[in-house]
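1. coords please:
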Amino acid sequence: MKSVPSVNTVRPRWWHDVTWNISEPFEVEWLCKVHVDNTHIQHISNSLSQDYSVIRARDGQQVDAQAGRRMIAIIESRALQRGRRSDTWKA
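-> Alright, predicted model coming up:
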């Protein structure tokens, strides 16, 4: 998160269509943008989601620390294969 949830943050267009309670919007800064196909991470299970694969999750699903570190390692290796810098990640 780049900012805390705030009423002063610009709301996305879809915001007003949401019918359930959600937090105020917040800004996000993507540190690394690399395409990683699901086949590269589907073997990783998430203990915070009944040990389902991390690819079987909803937006905003929490991921346990071990699964998160494993995904970051895969994203970093894919970034390095493509010649992109990924040294902003801190595991």
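2. can you give me the strands for this structure?
-> Using DSSP state E, the strands found in the chain span residues 45-46, 52-53.
3. between these, which one is nearest to Lys2?
-> Distance to Lys2, taken as Cβ to Cβ, is lowest for strand 45-46 among these, at 24.6 Å. Where you see a C-beta, it was placed from the backbone N, CA and C, and this is true even at glycine.
4. Can you list the strands that the closest one pairs with?
-> Paired strands of strand 45-46, with direction, are strand 52-53 (antiparallel) (DSSP bridges).
5. got the contact list for the strand it pairs with?
-> By Cβ atoms under 8 Å, 6 or more residues apart in numbering, the residues outside strand 52-53 that reach it are Ile41, Gln42, His43, Ile44, Ser45, Asn46.
6. Just give me the neighbour total for Ala79.
-> The burial count assigned to Ala79 is 19, neighbours taken as other Cβ atoms under 10 Å.
7. In this structure it contacts Cys32, no?
-> Yes: using Cβ atoms under 8 Å, Ala79 is in contact with Cys32, at 6.0 Å.
8. Thanks a lot, catch you later.
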